[in-house]
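**Student:** pasting a predicted model and its sequence here:
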Amino acid sequence: MYLTSATIFVHNFKMPSSVIVRRMPAHLSKATFCRLRRRSYHSYDHLPYNPYTPSQEKILSSALKHVPEYGFVKQSLVQGCRDAGYLDTTHAVFQDGVFDLVKFHLYTERNKLAALKQQIDEEEGKSIGKRIRRYCTERLKANEPIISKWTEAIAIMGLPQNIPQSLEELAKLSDEIWFLVDNKTSDFDWYTKRASLAAVYSSTELYMTQDNSPRFEKTYKFLDRRLAVVQNAGSSISNMASWASFTCFASINLLQSQFSRG
């Protein structure tokens, strides 16, 4: 079955189920679309949800310490089990195997961003652009200790069965950053802002894996260029389907292309 670009956009960026969009009709204006969607979704609207038990957190946290040496492989999980005081075979509790290790890194580092809000607000001022860049750089810095192995993580995320969850986490990261810069609007731009930031972040993260410059200087210059391009392009895009096609398929292609490269 072939899904339209708008359908993929809706699936990955959590449009309410009451609004089902297969494609954006030509006569459907921004104003009409805004009336269809009255609320903004964010996880803070609900009780905190932790998908990991204390035992799982202990094992996965320990396993991540071994990633720089072994990579995102079963051996890291085995070592994590040993360090946490469990049998080597305990890693079998993770049904998705090493993908669970990747997801744990994505989940924990995304959640750490909220603790930086006061500091970033004080240091970057009221500029939304500066604060968004700062959150992106802070999140990218969390990859530095394991950057030599991050292509393995990208390849794992690019497996067909893992792409939906990978894109969902990417969408959550984008939503988290926009939420932290106090953007809680519920208009048409709610989607375009989050989709564009997701595309920028994923492309920068991939660029970072090939960056050998001191302190990843080239990566952060690349981030600046991508943010500037999206800021200029986003303001001129009024067709939801074309924007969704660019951002969502760009993210999928980034994951799949890295996987095909091995």
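**Tutor:** Yes, it's here. Quick caveat: nothing in here was measured; it's all calculated off a predicted structure. Numbers count the residues shown, from 1 in each chain.

**Student:** wait, what's in contact with residue 121?
**Tutor:** When contacts are counted by CB atoms under 8 Å, 6 or more residues apart in numbering, residue 121 is found next to residue 131. C-betas here are computed from N, CA, C, even on glycine.

**Student:** so which strand or helix has it?
**Tutor:** Residue 121 is part of helix 117-124, with elements assigned from DSSP states H and E.

**Student:** packing partners for the helix or strand following that helix?
**Tutor:** Along the chain past helix 117-124, the next helix or strand (assigned with DSSP H and E) turns out to be helix 128-141. Counting contacts by 3 or more CB pairs under 8 Å, 6 or more residues apart in numbering; DSSP states H and E, helix 128-141 packs against helix 117-124, helix 163-180, helix 189-208, helix 217-234.

**Student:** nearest to residue 99, out of the ones you listed?
**Tutor:** Nearest to residue 99, of all these, is helix 163-180, at 7.9 Å by CB to CB.

**Student:** just the buried positions in the closest one, please.
**Tutor:** Within helix 163-180, the residues that qualify as buried are 163, 166-167, 169-180, counting by 16 or more other CB atoms under 10 Å.

**Student:** swap in stretch 204-221?
**Tutor:** 204-209, 211, 216, 219-220.

**Student:** stretch 135-148 too?
**Tutor:** Residues 135-136, 138-140, 143, 146-147 are the ones in stretch 135-148 that count as buried (16+ other CB under 10 Å).

**Student:** stretch 217-236 now?
**Tutor:** 219-220, 222-223, 226-227, 230, 234.

**Student:** same thing with stretch 49-66?
**Tutor:** Going by neighbour count (16+ other CB under 10 Å), the buried part of stretch 49-66 is 52, 56, 58-64, 66.

**Student:** same check on stretch 96-103?
**Tutor:** In terms of neighbour count (16+ other CB under 10 Å), stretch 96-103 has its buried residues at 98-103.

**Student:** and the helices and strands packed on helix 128-141: which comes nearest residue 73?
**Tutor:** Proximity of those to residue 73 was assessed by CB to CB; the nearest stretch is helix 163-180, lying at 18.0 Å.

**Student:** do you know the pLDDT at residue 231?
**Tutor:** As summarised for this prediction, residue 231 has a pLDDT of 76.

**Student:** of all the buried residues of stretch 135-148, which two lie farthest apart?
**Tutor:** Greatest spacing in the buried residues of stretch 135-148, by CB to CB: 135 and 146 (19.4 Å).

**Student:** could you dump the buried residues of stretch 135-148 to TSV with pLDDT?
**Tutor:** Conversion of these to TSV gives the following (pLDDT from 0 to 100):
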residue	pLDDT
135	98
136	97
138	98
139	98
140	98
143	97
146	97
147	97
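
**Student:** from those residues, pick the one nearest residue 197.
**Tutor:** For residue 197, the closest of the buried residues of stretch 135-148 turns out to be residue 136, at 7.9 Å, with distances computed as CB to CB.

**Student:** how far away is that closest one from residue 143?
**Tutor:** In this view, residue 136 and residue 143 are 11 Å apart by CB to CB, to the nearest Å.

**Student:** what sits closest to residue 82 if chain neighbours are left out?
**Tutor:** The shortest distance from residue 82 to any residue that is not its chain neighbour, by CB to CB, 6 or more residues apart in numbering, is 6.5 Å, and that residue is residue 88.

**Student:** what's near enough to touch that neighbour?
**Tutor:** Residues touching residue 88, when contacts are defined by CB under 8 Å, 6+ apart, comprise 78, 81-82.

**Student:** who wins on neighbours among these?
**Tutor:** Counting neighbours by other CB atoms under 10 Å, residue 81 leads the contacts of residue 88 with 23 neighbours.
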